[in-house]
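> Sequence first, then the predicted structure:
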Amino acid sequence: MAQRYLWILLLCLQTCLEADGSDTDVITLIGILGELVTFPLNIKKSQQVVNIVWNSETSVAFITPGDAGAAPKVTVTHQNYNDRINVSCQNYNLEISNLRMEDSGIYKADINTKTVEGVVATTTRRFNLQVFRRLGKPQITQSLMTSMNSTCYVTLTCSVEKEEENVTYSWSPLGEKGNVIRISRTPDSQELTYTCTAQNPISNSSDSISAQQLCADTATGLRSRHTRLLSGLAGLFLSILIVTLVLLFLLRKRGEGSFLKPFSKNSDATSKKTIYTYVMVTRAAPPAEGRIYDEIPLSKELPDKEDPANRVYATLQMDKDAGSPYSNQSHKNVRA
(Lines give C-alpha, C1' and ligand atoms only; values in the text may rest on other atoms or scores of the structure.)
Protein backbone atom coordinates (compact mmCIF):
# COMPACT_ATOMS: atom_id res chain seq x y z
CA MET A 1 0.00 0.00 0.00
CA ALA A 2 2.84 2.38 0.84
CA GLN A 3 4.43 1.72 -2.55
CA ARG A 4 1.19 2.66 -4.24
CA TYR A 5 1.01 6.03 -2.45
CA LEU A 6 4.63 6.67 -3.39
CA TRP A 7 3.87 6.24 -7.11
CA ILE A 8 0.92 8.62 -6.84
CA LEU A 9 3.07 11.20 -5.10
CA LEU A 10 5.76 10.97 -7.79
CA LEU A 11 3.16 11.34 -10.56
CA CYS A 12 1.74 14.48 -8.96
CA LEU A 13 5.21 15.92 -8.51
CA GLN A 14 6.04 15.31 -12.16
CA THR A 15 2.82 16.96 -13.28
CA CYS A 16 3.49 20.02 -11.14
CA LEU A 17 7.04 20.35 -12.51
CA GLU A 18 5.79 20.16 -16.09
CA ALA A 19 3.19 22.83 -15.34
CA ASP A 20 5.84 25.13 -13.89
CA GLY A 21 8.24 24.55 -16.77
CA SER A 22 5.88 25.34 -19.68
CA ASP A 23 3.35 27.90 -20.66
CA THR A 24 0.61 26.43 -22.81
CA ASP A 25 -1.31 29.68 -23.35
CA VAL A 26 -1.42 30.82 -26.99
CA ILE A 27 -0.68 34.49 -27.57
CA THR A 28 -2.29 36.05 -30.63
CA LEU A 29 -0.11 38.40 -32.67
CA ILE A 30 -1.39 40.67 -35.45
CA GLY A 31 1.01 41.32 -38.31
CA ILE A 32 0.76 43.72 -41.26
CA LEU A 33 1.64 42.51 -44.74
CA GLY A 34 5.13 43.69 -45.68
CA GLU A 35 5.98 44.94 -42.19
CA LEU A 36 7.59 43.51 -39.03
CA VAL A 37 6.24 41.47 -36.11
CA THR A 38 7.88 40.69 -32.75
CA PHE A 39 7.42 37.48 -30.73
CA PRO A 40 7.92 38.43 -27.05
CA LEU A 41 9.58 35.72 -24.92
CA ASN A 42 9.91 37.77 -21.70
CA ILE A 43 13.21 36.14 -20.73
CA LYS A 44 14.82 37.77 -17.72
CA LYS A 45 18.46 38.73 -17.66
CA SER A 46 18.99 36.49 -14.67
CA GLN A 47 18.00 33.44 -16.67
CA GLN A 48 20.85 31.53 -18.24
CA VAL A 49 19.74 30.58 -21.75
CA VAL A 50 21.21 27.46 -23.24
CA ASN A 51 19.36 27.65 -26.59
CA ILE A 52 15.97 28.42 -28.13
CA VAL A 53 14.32 26.32 -30.81
CA TRP A 54 11.66 27.92 -32.99
CA ASN A 55 9.17 25.89 -35.03
CA SER A 56 6.01 26.50 -37.00
CA GLU A 57 4.57 24.28 -39.70
CA THR A 58 8.25 23.94 -40.58
CA SER A 59 11.37 24.58 -38.56
CA VAL A 60 12.20 28.28 -38.26
CA ALA A 61 15.42 29.03 -36.39
CA PHE A 62 17.86 27.84 -33.73
CA ILE A 63 19.16 30.50 -31.28
CA THR A 64 22.23 30.26 -29.03
CA PRO A 65 23.76 32.96 -26.79
CA GLY A 66 26.66 34.93 -28.15
CA ASP A 67 29.90 35.69 -26.43
CA ALA A 68 29.93 38.12 -23.52
CA GLY A 69 28.13 41.26 -24.63
CA ALA A 70 27.68 39.96 -28.19
CA ALA A 71 24.42 39.40 -30.02
CA PRO A 72 22.87 35.91 -29.99
CA LYS A 73 23.76 33.57 -32.81
CA VAL A 74 20.87 32.89 -35.17
CA THR A 75 20.75 29.85 -37.43
CA VAL A 76 17.83 29.97 -39.88
CA THR A 77 16.59 26.43 -40.41
CA HIS A 78 14.18 27.04 -43.32
CA GLN A 79 14.75 28.94 -46.52
CA ASN A 80 11.42 30.78 -46.29
CA TYR A 81 12.88 32.87 -43.46
CA ASN A 82 16.26 33.70 -44.97
CA ASP A 83 17.27 37.34 -44.37
CA ARG A 84 14.05 38.00 -42.47
CA ILE A 85 14.85 36.92 -38.89
CA ASN A 86 16.47 38.94 -36.13
CA VAL A 87 16.86 38.33 -32.36
CA SER A 88 17.01 41.01 -29.68
CA CYS A 89 20.18 41.14 -27.55
CA GLN A 90 18.40 41.95 -24.28
CA ASN A 91 15.55 39.46 -24.11
CA TYR A 92 15.90 37.09 -27.09
CA ASN A 93 12.66 38.31 -28.68
CA LEU A 94 12.28 37.00 -32.23
CA GLU A 95 11.51 39.43 -35.08
CA ILE A 96 10.26 38.48 -38.55
CA SER A 97 10.38 41.25 -41.14
CA ASN A 98 8.78 41.69 -44.58
CA LEU A 99 5.77 39.63 -43.52
CA ARG A 100 3.99 37.44 -46.06
CA MET A 101 0.45 36.14 -45.99
CA GLU A 102 1.79 32.57 -45.76
CA ASP A 103 3.62 33.47 -42.53
CA SER A 104 0.30 33.19 -40.69
CA GLY A 105 0.07 30.23 -38.33
CA ILE A 106 1.11 28.79 -34.93
CA TYR A 107 4.70 29.36 -33.78
CA LYS A 108 6.30 27.54 -30.85
CA ALA A 109 9.46 28.49 -28.99
CA ASP A 110 11.18 25.89 -26.76
CA ILE A 111 13.35 27.88 -24.35
CA ASN A 112 16.04 25.80 -22.63
CA THR A 113 17.54 27.47 -19.56
CA LYS A 114 19.98 26.29 -16.88
CA THR A 115 18.98 26.58 -13.24
CA VAL A 116 21.25 27.37 -10.32
CA GLU A 117 21.57 23.68 -9.60
CA GLY A 118 22.77 23.16 -13.19
CA VAL A 119 19.55 21.48 -14.33
CA VAL A 120 18.25 22.34 -17.82
CA ALA A 121 14.57 23.27 -17.84
CA THR A 122 12.41 23.81 -20.91
CA THR A 123 9.74 26.48 -21.16
CA THR A 124 7.44 26.58 -24.18
CA ARG A 125 5.81 29.67 -25.61
CA ARG A 126 3.12 29.47 -28.30
CA PHE A 127 1.97 32.24 -30.63
CA ASN A 128 -0.80 32.54 -33.20
CA LEU A 129 0.37 34.92 -35.92
CA GLN A 130 -2.30 36.47 -38.16
CA VAL A 131 -1.13 38.56 -41.11
CA PHE A 132 -3.47 41.12 -42.69
CA ARG A 133 -3.13 43.64 -45.48
CA ARG A 134 -4.12 47.26 -45.08
CA LEU A 135 -7.55 47.86 -46.59
CA GLY A 136 -7.91 50.13 -49.58
CA LYS A 137 -10.85 52.43 -50.11
CA PRO A 138 -14.08 50.43 -50.51
CA GLN A 139 -16.30 50.83 -53.54
CA ILE A 140 -20.08 51.24 -53.42
CA THR A 141 -22.00 49.81 -56.37
CA GLN A 142 -25.70 50.00 -57.23
CA SER A 143 -27.91 47.19 -58.48
CA LEU A 144 -31.58 46.22 -58.89
CA MET A 145 -32.59 49.86 -59.45
CA THR A 146 -36.35 50.30 -59.92
CA SER A 147 -38.73 53.24 -59.74
CA MET A 148 -42.45 53.10 -59.00
CA ASN A 149 -44.89 55.82 -57.96
CA SER A 150 -42.09 58.41 -57.62
CA THR A 151 -40.22 56.08 -55.24
CA CYS A 152 -36.82 54.67 -56.16
CA TYR A 153 -35.56 51.41 -54.69
CA VAL A 154 -31.82 50.81 -54.70
CA THR A 155 -29.57 47.99 -53.52
CA LEU A 156 -26.11 49.12 -52.41
CA THR A 157 -23.13 46.77 -52.22
CA CYS A 158 -19.86 47.71 -50.52
CA SER A 159 -16.66 45.82 -51.32
CA VAL A 160 -12.89 46.16 -51.10
CA GLU A 161 -10.24 44.89 -53.47
CA LYS A 162 -8.68 41.53 -52.50
CA GLU A 163 -11.18 40.92 -49.74
CA GLU A 164 -10.06 38.45 -47.07
CA GLU A 165 -11.34 37.02 -43.81
CA ASN A 166 -12.10 39.18 -40.78
CA VAL A 167 -13.33 42.11 -42.88
CA THR A 168 -16.50 43.69 -41.46
CA TYR A 169 -18.80 46.31 -42.98
CA SER A 170 -21.05 48.90 -41.38
CA TRP A 171 -23.34 51.60 -42.76
CA SER A 172 -24.05 55.02 -41.32
CA PRO A 173 -26.35 56.69 -40.46
CA LEU A 174 -28.42 53.50 -40.69
CA GLY A 175 -26.26 51.57 -38.23
CA GLU A 176 -26.65 48.38 -40.27
CA LYS A 177 -24.00 45.65 -40.53
CA GLY A 178 -23.02 43.74 -43.65
CA ASN A 179 -21.87 44.81 -47.07
CA VAL A 180 -25.35 44.93 -48.69
CA ILE A 181 -28.26 47.24 -47.83
CA ARG A 182 -31.56 48.05 -49.55
CA ILE A 183 -33.03 51.54 -49.38
CA SER A 184 -36.07 53.38 -50.77
CA ARG A 185 -36.29 57.08 -51.49
CA THR A 186 -39.19 59.43 -52.23
CA PRO A 187 -39.12 63.08 -53.33
CA ASP A 188 -40.05 64.10 -49.76
CA SER A 189 -37.32 62.01 -48.09
CA GLN A 190 -34.57 63.75 -46.17
CA GLU A 191 -31.37 64.14 -48.15
CA LEU A 192 -28.93 61.70 -46.57
CA THR A 193 -25.42 60.54 -47.30
CA TYR A 194 -24.78 56.81 -46.90
CA THR A 195 -21.30 55.86 -45.74
CA CYS A 196 -19.84 52.34 -45.88
CA THR A 197 -16.91 51.53 -43.57
CA ALA A 198 -14.78 48.42 -44.14
CA GLN A 199 -12.63 47.29 -41.23
CA ASN A 200 -10.18 44.54 -40.33
CA PRO A 201 -7.92 44.11 -37.24
CA ILE A 202 -5.29 46.54 -38.57
CA SER A 203 -7.12 49.18 -40.66
CA ASN A 204 -10.41 50.68 -41.76
CA SER A 205 -11.55 52.72 -44.75
CA SER A 206 -14.79 54.39 -45.88
CA ASP A 207 -16.68 55.54 -48.95
CA SER A 208 -19.90 57.60 -49.25
CA ILE A 209 -22.73 58.21 -51.70
CA SER A 210 -25.65 60.65 -51.58
CA ALA A 211 -29.28 59.58 -51.81
CA GLN A 212 -29.94 62.30 -54.40
CA GLN A 213 -27.27 60.83 -56.63
CA LEU A 214 -28.79 57.36 -56.23
CA CYS A 215 -32.23 58.38 -57.45
CA ALA A 216 -30.79 60.44 -60.28
CA ASP A 217 -28.79 57.42 -61.41
CA THR A 218 -31.95 55.31 -61.18
CA ALA A 219 -33.93 57.65 -63.43
CA THR A 220 -31.05 57.86 -65.88
CA GLY A 221 -30.80 54.07 -65.99
CA LEU A 222 -34.53 53.68 -66.64
CA ARG A 223 -34.48 56.30 -69.42
CA SER A 224 -31.46 54.64 -70.95
CA ARG A 225 -33.15 51.23 -70.95
CA HIS A 226 -36.34 52.77 -72.42
CA THR A 227 -34.35 54.49 -75.18
CA ARG A 228 -32.50 51.28 -76.02
CA LEU A 229 -35.80 49.41 -76.20
CA LEU A 230 -37.36 51.94 -78.59
CA SER A 231 -34.22 51.98 -80.72
CA GLY A 232 -34.28 48.22 -80.94
CA LEU A 233 -37.95 48.14 -81.96
CA ALA A 234 -37.40 50.85 -84.59
CA GLY A 235 -34.43 48.97 -86.02
CA LEU A 236 -36.44 45.74 -86.15
CA PHE A 237 -39.36 47.45 -87.94
CA LEU A 238 -37.01 49.09 -90.45
CA SER A 239 -35.30 45.78 -91.17
CA ILE A 240 -38.63 44.03 -91.78
CA LEU A 241 -39.74 46.88 -94.08
CA ILE A 242 -36.55 46.77 -96.14
CA VAL A 243 -36.71 42.99 -96.52
CA THR A 244 -40.37 43.20 -97.60
CA LEU A 245 -39.65 45.86 -100.23
CA VAL A 246 -36.72 43.90 -101.62
CA LEU A 247 -38.84 40.75 -101.92
CA LEU A 248 -41.65 42.64 -103.69
CA PHE A 249 -39.17 44.22 -106.09
CA LEU A 250 -37.61 40.84 -106.94
CA LEU A 251 -41.04 39.22 -107.45
CA ARG A 252 -42.13 42.06 -109.74
CA LYS A 253 -38.96 41.87 -111.84
CA ARG A 254 -39.36 38.15 -112.15
CA GLY A 255 -42.99 38.52 -113.33
CA GLU A 256 -42.11 41.18 -115.92
CA GLY A 257 -39.30 39.09 -117.33
CA SER A 258 -41.52 36.03 -117.84
CA PHE A 259 -44.17 38.13 -119.66
CA LEU A 260 -41.88 40.05 -121.97
CA LYS A 261 -39.62 37.22 -122.98
CA PRO A 262 -42.02 35.39 -125.42
CA PHE A 263 -43.63 38.65 -126.51
CA SER A 264 -40.40 40.30 -127.53
CA LYS A 265 -39.28 37.24 -129.42
CA ASN A 266 -42.41 37.15 -131.66
CA SER A 267 -42.56 40.89 -132.08
CA ASP A 268 -38.97 41.05 -133.24
CA ALA A 269 -39.57 38.29 -135.77
CA THR A 270 -42.76 39.96 -137.10
CA SER A 271 -41.40 43.50 -137.21
CA LYS A 272 -38.65 42.40 -139.60
CA LYS A 273 -41.30 41.40 -142.23
CA THR A 274 -43.82 44.23 -141.72
CA ILE A 275 -43.89 47.40 -143.91
CA TYR A 276 -45.87 50.44 -142.77
CA THR A 277 -47.05 53.12 -145.23
CA TYR A 278 -48.64 56.42 -144.09
CA VAL A 279 -50.93 58.44 -146.39
CA MET A 280 -51.80 61.98 -145.33
CA VAL A 281 -55.15 63.61 -146.33
CA THR A 282 -54.91 67.32 -146.98
CA ARG A 283 -57.12 69.90 -145.27
CA ALA A 284 -58.66 71.04 -148.60
CA ALA A 285 -60.09 67.64 -149.36
CA PRO A 286 -63.89 67.49 -149.02
CA PRO A 287 -65.29 65.42 -146.22
CA ALA A 288 -66.89 62.96 -148.55
CA GLU A 289 -63.69 62.39 -150.31
CA GLY A 290 -61.70 62.01 -147.14
CA ARG A 291 -61.89 58.29 -147.42
CA ILE A 292 -59.59 56.43 -149.74
CA TYR A 293 -60.27 52.89 -150.60
CA ASP A 294 -57.77 50.57 -152.08
CA GLU A 295 -59.50 47.66 -153.66
CA ILE A 296 -57.67 44.43 -153.77
CA PRO A 297 -59.12 41.77 -156.01
CA LEU A 298 -59.89 38.54 -154.30
CA SER A 299 -58.64 36.44 -157.15
CA LYS A 300 -57.02 34.03 -154.81
CA GLU A 301 -57.57 33.31 -151.15
CA LEU A 302 -54.72 33.36 -148.80
CA PRO A 303 -53.63 30.02 -147.55
CA ASP A 304 -54.84 29.15 -144.11
CA LYS A 305 -51.33 28.64 -142.86
CA GLU A 306 -49.83 31.71 -144.41
CA ASP A 307 -47.53 33.51 -142.06
CA PRO A 308 -49.19 36.79 -140.99
CA ALA A 309 -45.70 38.21 -140.76
CA ASN A 310 -45.60 38.29 -144.61
CA ARG A 311 -48.35 40.90 -144.82
CA VAL A 312 -47.85 44.53 -145.87
CA TYR A 313 -49.86 47.19 -144.06
CA ALA A 314 -50.78 50.57 -145.56
CA THR A 315 -51.91 53.14 -143.05
CA LEU A 316 -53.94 56.22 -143.91
CA GLN A 317 -53.73 59.09 -141.44
CA MET A 318 -55.51 62.45 -141.59
CA ASP A 319 -53.49 65.63 -141.38
CA LYS A 320 -53.76 67.33 -138.00
CA ASP A 321 -55.14 70.46 -139.63
CA ALA A 322 -57.82 68.70 -141.61
CA GLY A 323 -59.99 68.04 -138.59
CA SER A 324 -62.30 65.81 -140.63
CA PRO A 325 -64.64 63.67 -138.63
CA TYR A 326 -64.26 61.03 -141.26
CA SER A 327 -60.59 60.58 -140.71
CA ASN A 328 -59.89 56.95 -140.45
CA GLN A 329 -57.22 54.43 -140.93
CA SER A 330 -57.52 51.74 -143.56
CA HIS A 331 -55.36 48.74 -143.80
CA LYS A 332 -54.32 47.07 -147.01
CA ASN A 333 -53.20 43.53 -146.89
CA VAL A 334 -51.19 42.15 -149.74
CA ARG A 335 -49.05 39.17 -149.91
CA ALA A 336 -45.36 39.79 -150.18
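Nice, thanks for sending it over. Numbers count the residues shown, from 1 in each chain.
> which residues of the stretch 151-300 of the chain score low on pLDDT?
216-228, 256-300 (pLDDT under 70).
> Please, where are all the helices along it?
211-271 (DSSP state H, counting those that start in this stretch).
> so how far does stretch 109-119 reach from one end to the other?
19 Å (C-alpha to C-alpha, to the nearest Å).
> which other residues reach it?
Applying C-beta atoms under 8 Å, 6 or more residues apart in numbering, the external contacts of stretch 109-119 come out as 39, 41, 43, 47-55, 92, 94, 120-127. C-betas here are computed from N, CA, C, even on glycine.
> what does stretch 190-197 give?
138, 140, 156, 158, 169-174, 179, 181, 183, 204-212.
> Just the buried ones from the residues you listed, in PyMOL syntax?
Buried residues within those, by 16 or more other C-beta atoms under 10 Å, are selected in PyMOL with:
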select buried, resi 138+140+156+158+169+170+171+179+181+183+206+207+209+211
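> re the thing from before, from the contacts of stretch 109-119, which land in helices?
Members of those lying in helices (criterion: DSSP state H): none.
> Out of these, which end up buried?
Buried, going by 16+ other C-beta under 10 Å: 39, 41, 43, 47, 49, 51-55, 92, 94, 123, 125, 127, out of those.
> And those residues, which two are furthest apart?
Across the buried ones among the contacts of stretch 109-119, no pair lies farther apart than Gln47 and Asn55, at 20.7 Å, counting by C-beta to C-beta.
> avg pLDDT for the longest strand seen in the chain?
What stands out as the longest strand in the chain, according to DSSP state E, is strand 120-132. For strand 120-132, mean pLDDT is 93.
> same for that strand, what does it pack against?
helix 2-21, strand 26-32, strand 37-39, strand 105-114 (3 or more C-beta pairs under 8 Å, 6 or more residues apart in numbering; DSSP states H and E).
> Can you list the strands that it pairs with?
strand 26-32 (parallel), strand 105-114 (antiparallel) (DSSP bridges).
> quick one, which of these is packed in tightest?
When the strands paired with strand 120-132 are scored by mean count of other C-beta atoms under 10 Å, the highest mean neighbour count falls to strand 105-114 (a mean of 17).
> which residues are in contact with the longest strand of the chain?
Against strand 120-132 from outside (C-beta under 8 Å, 6+ apart): 21-33, 37, 39, 41, 50, 99-101, 103-115, 164, 166, 200-203.
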